[in-house]
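could you work out the structure for the sequence below:
(2 chains)
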Amino acid sequence: MAVNFDDVKIGDTIPSYTSGPITRTHLVRYAGASGDFNPLHHDDTFAKMIGLDSVIAHGTLIMGITGEAITSWVENKYLRKMSVRFLSMTEPVDWNDVENTTNRATITVSGKVVKKYEENGEKRIHCSIIAKDALGSRKLDGFFIVALP
Amino acid sequence: MADRSKMGMEFPTYTMTAEKNKIAEFAMAVALKEEKEGINPIYYDEASANKAGYQGIPIPPTFMSSFGFWTGNGLPEIVKALSIDINRLLHSEEEYEYYGSIYAGDTITRKMRVAEMYERGKRGRLGRFAEVTVLETEVINQRGELIAKVRTTMVER
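Numbering: from 1, shown residues only, chains lettered A, B, ... in the order given. Down below sits the predicted model:
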């Protein structure tokens, strides 16, 4: 259902979106898609060398999931701004310990309408956004702005 | 340690094509899907995109982050030019401001410069101190229209 400016109220929550669990294969796929081949995201020996327990997800993958969450609610073409801070690292699922590692790799995005206003002749809303894993650890937060019909 | 004398530096201007298959691949990657059928068809089927009000196959909102990686020598060129230590490098913030749309087949020019360089926290305090580098990229299409600005904040810890 299309979202209309007049139907949106300040304080409304945006539909929650859950993705994952993220696997190492997802990280390799994202590396190939984005061109970000920092070994930190696919090579466990490199990650260990710099003091981490395992590879970590690209911050921009978590942001990409956040973009998916936003554009599942409003159309891509209405997006005017998106801004995030990366807050913590995300380790992927370990296949030899799925039970204990699924929650850390499962990302839920939620958000709230903060402001409604007009700018550049458009009706716009400003929303806060936050992505957390299933353990409650915050992965990123920030905001986005969309123009609505 | 980032070379502070590189403040204001402009990287060479690079051009690339927003390729149709790369857009679908990226859309699948951020949706964590293994096949095209699992994603929004606007990212691989032109007729669906047109029907949804797009002039062509659009790019996913965060696709622009890849322009810096797919042009020039990607991340290695950036870290080398700024003397950044990749062993300490973390991506700290990312912001996109959109002024227009990019569609499959568009030729994209990216103009990137070092917008800010500063230190955060106190030296010698583990976990607190960080050197910050902010890159600003203008994304321009084949008609010379400014489509977006990307602001990337990197820290060395």
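
can you show me the helices along the chain?
If you meant another chain, say so; for now it's chain A. Taking DSSP state H to define them, one finds helices in chain A at A:24-34, A:44-49, A:59-73, A:98-101.

chain B is the one I meant
B:20-31, B:46-51, B:67-70, B:74-82.

who touches the first one?
Yep, that's helix B:20-31 we're talking about. A:19, A:26, A:29-30, A:32-34, A:61, A:64-65, A:67-68, B:34-36, B:38-40, B:43-44, B:57-60, B:62-63, B:66, B:104-105 (C-beta atoms under 8 Å, 6 or more residues apart in numbering or on different chains). In this view, the C-beta of every residue, glycine as well, is placed from N, C-alpha and C.

next one: stretch B:121-141
By C-beta under 8 Å, 6+ apart, stretch B:121-141 touches B:1-2, B:64, B:67-68, B:78, B:82, B:84, B:92, B:100, B:102, B:106-120, B:146-157.

now which of those would you call buried?
B:2, B:64, B:67-68, B:78, B:82, B:84, B:92, B:102, B:106, B:108-112, B:114, B:117, B:147-157 (16 or more other C-beta atoms under 10 Å in any protein chain shown).

out of those residues, which are close to chain A?
When C-beta under 8 Å from any C-beta of the partner chain is applied, the members of the buried ones among the contacts of stretch B:121-141 adjacent to chain A are B:92, B:151.

by mean pLDDT, show me the worst of the helices of chain B.
With a mean of 80, helix B:67-70 has the lowest mean pLDDT of the helices of chain B.

beta partners of residue A:146?
Here residue A:146 sits in beta bridges with residue A:79, residue A:125, as judged by DSSP bridges.

cool, residue A:132 as well?
residue A:108, residue A:138.

mind listing what it touches?
Residue A:132 sits next to A:107, A:108, A:110, A:138, A:139 when contact means C-beta under 8 Å, 6+ apart.

buried subset of the residues you listed?
A:107, A:108, A:110, A:139.

report the two of the residues you listed separated the most.
Using C-beta to C-beta, the pair of these lying farthest apart is A:110 and A:139, separated by 11.7 Å.

what's the separation between the residue nearest the centre of chain A and residue A:78?
Nearest to the geometric centre of chain A sits residue A:66, at 2.8 Å (C-alpha atoms, centre = their mean). Relative to residue A:78, residue A:66 is positioned 16 Å away (C-beta to C-beta, to the nearest Å).

how about residue B:114: what's its closest non-neighbour residue?
Spatial nearest neighbour of residue B:114, excluding adjacent residues (C-beta to C-beta, 6 or more residues apart in numbering or on different chains): residue B:9 at 4.7 Å.

quick one, what contacts that neighbour?
Residue B:9 neighbours (C-beta under 8 Å, 6+ apart): B:81, B:82, B:113, B:114.

ok, now which ones touch the second one?
Meaning residue B:82. Neighbouring residues of residue B:82 by C-beta under 8 Å, 6+ apart: B:2, B:3, B:6, B:9, B:114, B:133.

closest to chain A out of those residues?
residue B:133 (14.7 Å; C-beta to the nearest C-beta).

that closest one: neighbouring residues, count only.
Neighbourhood size, residue B:133 [other C-beta atoms under 10 Å in any protein chain shown]: 25.

just residue B:10 next, same as before
Residues within reach of residue B:10, counting by other C-beta under 10 Å, total 9.

so where do the strands sit in chain B?
Under the criterion DSSP state E, chain B carries strands at the ranges B:14-17, B:89-98, B:107-120, B:130-140, B:146-156.

what's the span of stretch B:13-23, first residue to last?
In stretch B:13-23, first residue to last residue: 22 Å (C-alpha to C-alpha, to the nearest Å).

now do it: distance to the chain's middle.
12 Å (C-alpha atoms, centre = their mean, to the nearest Å).

and if you look at stretch B:26-34?
Centroid displacement of stretch B:26-34 relative to its chain, using C-alpha atoms, centre = their mean, is 17 Å.

per-residue confidence at the residue lying farthest from the centre of chain A?
Largest separation from the mean C-alpha position in chain A: residue A:121, at 29.0 Å (C-alpha atoms, centre = their mean). According to the prediction, residue A:121 has pLDDT 95.

good, wrapping up.
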